[in-house]
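>>> everything below, folded, please.
(one chain, ligands or ions: 1)
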Amino acid sequence: MLSIRKLTKKENPLLEEHLLRVGGEDRVMRFMGGVNDDFIRAHCSLVGGPSSVVIGCFVDGTLRGASELWFEDDGDRRCELALSVEHDFQGQGIGTELLRRSLVLARNRNAKSIYIACLPENRKMRHLLRKFGRIVTRLDSGTLEAELALPARSHLSLWQEFAGDGIGMMDALVERITHTGASEHRAAA
Ligand SMILES: CC(C)(COP(=O)(O)OP(=O)(O)OC[C@H]1O[C@@H](n2cnc3c(N)ncnc32)[C@H](O)[C@@H]1OP(=O)(O)O)[C@@H](O)C(=O)NCCC(=O)NCCS
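Alright, predicted model coming up:
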């Protein structure tokens, strides 16, 4: 079962576990350089404040993909985004769907644009970004910076987010029941 929903601050440990599973080249691509586990733990401790939102993709109850959105509170109303999908779950459309929902969410919070920094050799990410319209890119000091302009929020974009939240809540409930049921079954066996 695949479900996508926002994470609460209490679920930070799930994000940490997910990012710790992202290894090798993927980790380099995500953090734009080799980082150790302590760096990831420190990074996750910052998530969950008023300026960040995480959208997670769960596969059979385990967080396998995440989109982190960081909102700037200055006049630019820019939102910085970072995506991660665990290696075995890539190529199934998870990154695309997380990015699509992130654009809606940022739009609904009045962000004017989404900013994404990645390594120039990150072809998958570049491909993903190109799917979502015209992108202004800059190549600064070995980093590719992409900026996606966002339209103003609309009734439809608000509805899309609310509908996604509702479905996500129901999915979370079903997952909890399924996993509680499965562990009770194992305990009884
Ligand atoms: C980038 C990333 C988030 C993509 O997630 P994903 O779930 O694999 O993405 P999707 O399955 O939705 O789409 C992948 C697309 O890349 C394309 N692709 C795959 N390999 C490619 C390559 N070498 N060059 C160009 N495009 C490629 C696929 O064909 C697919 O496009 P399509 O849907 O038009 O067919 C994932 O690879 C990842 O987590 N990478 C490591 C971390 C990272 O790079 N983060 C981005 C920096 S913030």
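
>>> just the pLDDT for Ser183.
pLDDT recorded at Ser183 is 64.

>>> who in this protein is up against the ligand?
26, 29-30, 82-85, 90-96, 116, 118, 122-125, 127-128 (Cβ under 6 Å from any ligand atom). C-beta coordinates here come from the backbone N, C-alpha and C atoms, glycine included.

>>> isn't Gly142 right next to Glu121, touching?
No: assessed by Cβ atoms under 8 Å, Gly142 is found out of contact with Glu121, at 9.9 Å.

>>> to the chain's geometric centre, what's the distance from the longest strand anywhere in the chain?
Ordering each strand of the chain by length in residues (DSSP state E) puts strand 62-71 first. A distance of 3 Å separates the centroid of the chain from that of strand 62-71, by Cα atoms, centre = their mean, to the nearest Å.

>>> one more: stretch 151-166?
17 Å.

>>> please renumber so the chain begins at 39
Sure, I'll start numbering at 39, so the last one becomes stretch 189-204.

>>> what sits against the closest residue to the ligand within the chain?
The ligand sits closest to Gly133 of the chain, with a gap of 2.4 Å, by Cβ to the nearest ligand atom. The contact partners of Gly133, by Cβ atoms under 8 Å, 6 or more residues apart in numbering, come to Gly103, Leu121, Val123, Lys162, Leu166.

>>> go through this protein and flag its longest helix.
Across the chain, the longest stretch assigned as helix under DSSP state H is helix 193-226.

>>> other SSEs contacting that helix?
Packing contacts for helix 193-226, counted by 3 or more Cβ pairs under 8 Å, 6 or more residues apart in numbering; DSSP states H and E, involve strand 40-44, helix 132-146.
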